[in-house]
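J.: Test case, fold it:
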Amino acid sequence: MRMSKIHIKYMSDVALATLKANKNEVTNKLIENPNSSDWLSEFVGDYLYVTKKYEIEDFILKVPSNEKDRETDIYNSIILYEKLNKLPLHVLTDERFWCWVMFDKGYEVSLKYMPVKKESSIFKDHWLFSQGKRRGLFFGVLSRCYFRVALSVDDTLKDPYELTKFVISNPLRFRELTWRSFSSEKMIVLGTLKAEKRIIEEYPNYEENATRFGDIAKLLSKLGSVMLLDVMTEKDIEGYVYKKYKNMVETDLKKDKAAKKSNTIMDKLKSLMSKTDNK
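T.: All right, here's what the predicted structure looks like:
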């Protein structure tokens, strides 16, 4: 069913400043009010949001069962992308815009994804851009949902969201890339994800090692430091990451095999010693 058009909004500068100045109190309010942000207008005052000229199709997000509900995460992330991707980049990278989305359009969803705790920095780190704009976008509860899709959607694939689903099924695959200065380069992200997906399909029994995602990101950063990323195509990046990741996976598998062999020997020795002691 097609939804009606609505104007987007920004949280007002006054409201945002009030939230930033009262982080602990806001955290308590979020804990006390998990289902509705009605408290916000009283807390901040009447000048809460500013209506902007840009229109989008209205949307409703699904409330996940918990923060690890990947199926709902995929649905909501795609909805956010499809409803918001025509907006200018200066809107999509504005903290005030995402505060409106989180507090007005996705309040309960945001709290399910990222439950706040007393005396924690969760509100500061994941609702506000406290670590700067770039990291704020990839740390933000709902902004990161949008940008995971924006940087992984690929219309050349039979399912344009194939890599999006791959990312969300294990967000660590994407998170390490977002720490780097090249995180906004879609070609680099696509090439990396395609290589990782190929490896995972080739080694179905491999249990992913989270540290390897950081290793891959560091290798790409080194390429960037010598300007090689600037002349590489998506295929070049895919081939490079595929080769490096394949070596990492095979190294991990050899270590696992050696560890299992060692454990088997130790188990046999323990069994033998136990039998000897019982005689």
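J.: CA atoms for contacts and neighbours, from now on please.
T.: Will do.
J.: ok, the residue lying closest to Ile31 once chain neighbours are set aside to Lys255 distance?
T.: Of all residues beyond its chain neighbours, the one nearest Ile31 is Val116 (6.6 Å), with distances taken as Cα to Cα, 6 or more residues apart in numbering. To Lys255, Val116 is 39 Å away according to Cα to Cα, to the nearest Å.
J.: more neighbours, these two?
T.: Val116 (20 against 12; other Cα atoms under 10 Å).
J.: pretty sure the more buried one is touching Asp125, no?
T.: No. Taking Cα atoms under 8 Å as the definition, Val116 is not a contact partner of Asp125, at 10.6 Å.
J.: In a strand, the residue nearest to Ile31, correct?
T.: No. With DSSP: H, G, I helix; E, B strand; the rest coil as the criterion, Val116 is located in coil rather than a strand.
J.: For it, give me the backbone phi and psi.
T.: phi -90, psi 150 (degrees, to the nearest 10).
J.: Could you check how far it is from Ile216?
T.: Here Val116 is placed at a distance of 31 Å from Ile216 (Cα to Cα).
J.: Repeat that for Glu119.
T.: 34 Å.
J.: Show me which of those two is the more surrounded one.
T.: Using other Cα under 10 Å, the more surrounded residue of Glu119 and Ile216 is Ile216, with 22 against 11.
J.: residues touching the more buried one, list them.
T.: Contact analysis of Ile216 by Cα atoms under 8 Å, 6 or more residues apart in numbering lists 241, 244-245.
J.: ok, 10 Å please
T.: 173, 176-177, 192, 196, 222, 240-242, 244-245, 248 (Cα atoms under 10 Å, 6 or more residues apart in numbering).
J.: For it, what is the enclosing helix or strand?
T.: Counting by DSSP states H and E, the element that carries Ile216 is helix 210-225.
J.: average pLDDT across that helix?
T.: Helix 210-225 shows a mean pLDDT of 88.
J.: ditto for stretch 78-97
T.: For stretch 78-97, the mean confidence score works out to 97.
J.: what distance separates the start and the end of it?
T.: End-to-end distance of stretch 78-97: 18 Å, with Cα to Cα as the criterion.
J.: same check, this time on stretch 48-62
T.: Span of stretch 48-62 from end to end, Cα to Cα: 24 Å.
J.: Can you show me the helices along the stretch 151-279 of the chain?
T.: 162-169, 172-178, 186-202, 210-225, 234-277 (DSSP state H, counting those that start in this stretch).
J.: Including distance to Thr51, could those go into JSON lines?
T.: Listed next are those as JSON lines, based on distance: least, Cα to Cα, whole Å:
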{"stretch": "helix 162-169", "distance to Thr51": "31"}
{"stretch": "helix 172-178", "distance to Thr51": "30"}
{"stretch": "helix 186-202", "distance to Thr51": "31"}
{"stretch": "helix 210-225", "distance to Thr51": "39"}
{"stretch": "helix 234-277", "distance to Thr51": "39"}
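J.: what about the closest residue to Val91 other than its chain neighbours, neighbour count?
T.: Excluding its sequence neighbours, the residue lying closest to Val91 (Cα to Cα, 6+ apart) is Phe97, at 6.6 Å. Using other Cα under 10 Å, the number of residues around Phe97 comes to 21.
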